[in-house]
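Visitor: Task: produce atomic coordinates for the following.
(3 chains)
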Amino acid sequence: MIVAKRKPLAEIAANLQKVNKLLIVGCNTCVAVCLAGGEKEVAVLASALRLALRQTNPTIQITQRCVERQCEEEFNEVLTEDVAACDVVLSMACGVGVQTMAEQFPDKIVYPALNTSFMGRPLERGVWSERCAGCGNCVLDKFGGVCPIARCSKNLLNGPCGGSANGKCEVDPENIDCAWQLIYDRLKRIGQLDRLLEIEPPKDWSTSRHGGPRKIVREDMVL
Amino acid sequence: MPERPKIVLIGCAHSAGVALEELKSGAQRLPAHVEWVSIPCGGTLDELHILRAFESGAEQVMVLACYDGACRSVEGNKWAEKRVSAARALLEEAGIAGWRLAFHHIAPSMPLDLLRWIEEFREPAVAQEQPESSDREAKA
Amino acid sequence: MSQRINVDKRVMVLGGAPEAGLVTQELLKLGYFVHWITPDEALPNVPEDHPRLTCYENCALIRLDGHVGGFIGRFRRNGTELSLHASALVVATGNERYYPIERYGLALSSNVLTVPQVRKQLEAPRSTGAALPHRNRRALLLLDLNGETAKEISAEAMRLAIDLRAQWHCEVYVFYQNLKVDTYNLERLTRTMREKGIVFCRYSDPQITFSDERISVSYIEGTVSGELLILPEAVRPRTDTQELAKVLRVRVGEDGFFQDINIHEYRPGLSARKGIFFAGRCHMDGDWADIQTDALQAAANVDALLGPGFLEPEPIIAHVDSTKCVRCYTCVRTCPHAAVEMADYDEVIAARVVDLACRGCGACVANCPVRAIELIGQAMPAWVQSP
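Guide: From the prediction side, this is the model:
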C-alpha cells in the first residue's frame, strides 16, 4: 500500500498562521493503515495545531473530518458543505488524495499534512518497508519475487555490485539488505538459479515516471 | 501564596489508583490544583488525552503506570511510556516545553512518592553561566 | 452488559513431564475431564482406566483455535489429524537436561563425570568381589561453573554428595559460587551434608588443572586435589518451546522458557492468555517440592476459573465497531492477550474482540487508527472529546 508519514508540525503550521477556518480531512484507506492519516491522527493533529497556534492564531476554528478514500470524488462529496465553509483544507491523505481534493474543489486552498513516500508492506506493527517503485514493467518473475528496482539502491538488473557485504548494502549496511543477495537466495530456494545466467538488457524507463505522467485506460470499461 | 499550576494526573488504576486510595485512607488528599484521571491500564493512554489536557487548561501533565514486569497486561506500561514520548515530541514542536509532561513508574505502595513527585513537578533549574564569559572579561 | 457463558469442565494437559502427571491427577480428583497429550512417545505414571481421562502419545499440537471456555486444539498423531476441545489448557512440557560442554570447557572422561553418570555407577548392581570404582576416593563436586545451577540439579548433586560419603566413603568437597538454598529441601540437604563432613569451598575464579590421575580445583582460600571431578548437568528449554508458544500464542521470556518476567504471571503460573496456564519446569526453576506445589497451583488455577461452571467477561472490555474497522490488523497485533481476531460479521470481515478473553487494557483502543474500538465501562473526562 501507499506509505506516508506526517510532516513536522512546524512545517504544517507555517501555512496556517493567518487561516481562520481550517478543515482537516483524513483518509481511511492507505494512510489509516500506515497510521499516518486516519481519524485518530486527524484528531491528534487538530489538537497539536491548536496548541501550536495558540499564540499566533488563537481564534482558528478547526473542523475534523475523515472519508473512506480521498482519491474517489464520490466519497468526498459528503464534504461539500464543510469545504465551502472553510478557508483552507488540510488533507491528511496521500499525495493522490490531496490532489483529488484540489481538483474536486478547485477554488479552495488545499495543503498536504503528510509526506507520501513509497509503496510498501508492513514488516511488523509500526514498521513499513518499500517494495514497489511503480516502474510500469514488472519483472518480478525473473528475480524470484524480489524487485531489483525498488530494493536495490542502484536499481541494478545484473547485480550484485562490489558493495554487497554480509547480505547488506553499502549505502546503509544497518538498514538496507542487499537486494541481490535476497534475489540469489530466493532463486536458489525455488530452483530457478539458472535465470541469473540470462543477461538483463538496460531498462526501458519510459514505462516509469521518467517517461512522463502516466495514464492507464481499460478500453472495455469506457463506453 | 502563588497560584499553583493546574496539573492533570493520568494514572493506571492498578498502580496509581491504588496508591491514591492509600493516600485517602491516610486522610490525605491530592492538592486542589491536581485533577485525577483514572485509566484501567497504561495501555489505554492515547496521545490525544495528553494534548487535550493541555488544550483544556492543564499547564502540566503527569502520567503514571506500573513498573516493567508489574503490568497485568504485560506491556501496558510500555505503551504509556511510548505515547508520552510521542506526545512530548509533538508538544515541543507546538512550543510547549517537554518538562511539562512527566512520566513515572509507580507501584501501589508508593503514595508518598506520588505526593513528592507532584510537589517537585516544576521547571528544572536554569543552567549556570558559562565560565568562558569570566575568562573573556579577565582578558579584556 | 455481563453475559454468562456456561463452560464444561474439560481440560487439556499438554506435556509429558512428571509434573504433567501431578496436574492431571489433581484435576481428576477435582472432577474434571482431562485430555493428557504429549508429542513424546510415552506419558509417565498414567493412572489406569480412569473414566474421565484420555491419553494421547506421539501427538503434536499444530493449531489452537478458540479462546478460554472453548479451545479447539488440532493435533497430528502418526500422520492423522484429530481435534480436541477443552475449556482450559495447562502446559507442563518440562525442560531438557544437557551437559553444557561449551559453558564448562571440560570434556567428560573416566574421572570427569556428570552427576547422573556417577549416580548410575553408584546404583549399578554390585558384582561379587568387584571393587566399586570410586570407593574411598576424594570427590570434587563443582557447582555453578559459568552460571547458576538450577535448583533441581543442585538437589540431585547434593543427594549424590551425601550418598558418596555414606556408600563409597569418599571425601567430598563441594565447590560453589552462589549456591541458593532457598527451599526447605535444599536447606535440609545442606545441613545433612555439613553433618556428614562434606566440605564447602567458595570460589570466584576457579582454576581446574589435571596432572596424572589427579584433578586440582582452586577456590578462594586455597586448592584441593582429588581423583574424581563431578559436574552437574544444566537445564534449558525444550527445543519445541518456541514453536509451541507460537501455536498457543503465548509469550516466551528472554531465557527461552515460557512467560515474561511478570509478577502477575510467574508465581501463579499464568500466561497472558486467559485459560492457558503453566506448570512446572517449562516456566520456572525449582526443586521437586517447588514443582509439586506449582503443579497443584496450576490445578487450583483451573478450578478457580472453571469451578463455577460459567465464565463472565471482565467489567471493562473493548468493543470494535465493525462498520468503522479498516482491517489494518493493528489491534490484532497489539493485543497482549490474543483477545482480538479478524472475524466474519455476516460477510463483512472486521476485527472482533473476544469478550471472555479481553482484559480491558485499552491498548487496541489507543492504537486503532480509525478509532473503531472503545472501552466499554470506562469513562473519560468530558474535555477529552475534541471540540
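
Visitor: contacts, neighbours, all on C-alpha from now
Guide: OK.

Visitor: Dihedrals phi and psi, A:Met92?
Guide: phi -100, psi 20 (degrees, to the nearest 10).

Visitor: Could you pull up the residues touching it?
Guide: A:6, A:24-27, A:31, A:36-38, A:42, A:98, A:112-114 (Cα atoms under 8 Å, 6 or more residues apart in numbering or on different chains).

Visitor: Could you report the pLDDT at it?
Guide: pLDDT recorded at A:Met92 is 98.

Visitor: And C:Val302, how far from C:Leu84?
Guide: 18 Å (Cα to Cα, to the nearest Å).

Visitor: between these two, which one's more packed in?
Guide: Just comparing C:Val302 and C:Leu84: by other Cα atoms under 10 Å in any protein chain shown the higher neighbour count belongs to C:Val302, 23 against 13.

Visitor: in the sheet, who's paired with the residue lying closest to the more buried one once chain neighbours are set aside?
Guide: In space, and not counting its chain neighbours, C:Val302 is closest to C:Ala88: 7.0 Å by Cα to Cα, 6 or more residues apart in numbering or on different chains. Counting by DSSP bridges, C:Ala88 forms beta bridges with C:Val11.

Visitor: Please give me every residue in contact with C:Ala88.
Guide: C:10-12, C:68-71, C:275-277, C:302.

Visitor: Just the buried ones from those?
Guide: By neighbour count, with 16 or more other Cα atoms under 10 Å in any protein chain shown, these hold C:10-12, C:68-71, C:275-277, C:302 as buried.

Visitor: could I get the residues you listed as JSON lines with pLDDT and secondary structure?
Guide: Below are the buried ones among the contacts of C:Ala88 laid out as JSON lines (pLDDT from 0 to 100; DSSP: H, G, I helix; E, B strand; the rest coil):
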{"residue": "C:Arg10", "pLDDT": "98", "secondary structure": "strand"}
{"residue": "C:Val11", "pLDDT": "98", "secondary structure": "strand"}
{"residue": "C:Met12", "pLDDT": "98", "secondary structure": "strand"}
{"residue": "C:Val68", "pLDDT": "97", "secondary structure": "coil"}
{"residue": "C:Gly69", "pLDDT": "96", "secondary structure": "coil"}
{"residue": "C:Gly70", "pLDDT": "96", "secondary structure": "strand"}
{"residue": "C:Phe71", "pLDDT": "98", "secondary structure": "strand"}
{"residue": "C:Gly275", "pLDDT": "96", "secondary structure": "coil"}
{"residue": "C:Ile276", "pLDDT": "97", "secondary structure": "strand"}
{"residue": "C:Phe277", "pLDDT": "97", "secondary structure": "strand"}
{"residue": "C:Val302", "pLDDT": "97", "secondary structure": "helix"}
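
Visitor: got CSV for the residues you listed, with distance to A:Leu79 too?
Guide: Putting those into CSV (distance: Cα to Cα, whole Å) gives the following:
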residue, distance to A:Leu79
C:Arg10, 55
C:Val11, 55
C:Met12, 55
C:Val68, 45
C:Gly69, 46
C:Gly70, 46
C:Phe71, 47
C:Gly275, 48
C:Ile276, 49
C:Phe277, 52
C:Val302, 54
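
Visitor: Which ones, among the contacts of A:Met92, also lie beside chain C?
Guide: A:37-38 (Cα under 8 Å from any Cα of the partner chain).

Visitor: Break chain C into its domains for me.
Guide: Here the domain parsing of chain C from automatic domain parsing is C:5-94+C:238-311, C:98-234, C:317-384.

Visitor: among those domains, where is the model least confident on average?
Guide: domain C:98-234 - the lowest mean pLDDT of the domains of chain C, at a mean of 90.

Visitor: who touches B:Asn77 in this structure?
Guide: So B:Asn77 contacts B:41-43, B:65-68, B:71, B:105 (Cα under 8 Å, 6+ apart).

Visitor: Averaged pLDDT, whichever helix or strand it is part of. What do you get?
Guide: B:Asn77 belongs to helix B:76-93 when assigned by DSSP states H and E. In this model, helix B:76-93 has a mean pLDDT of 97.
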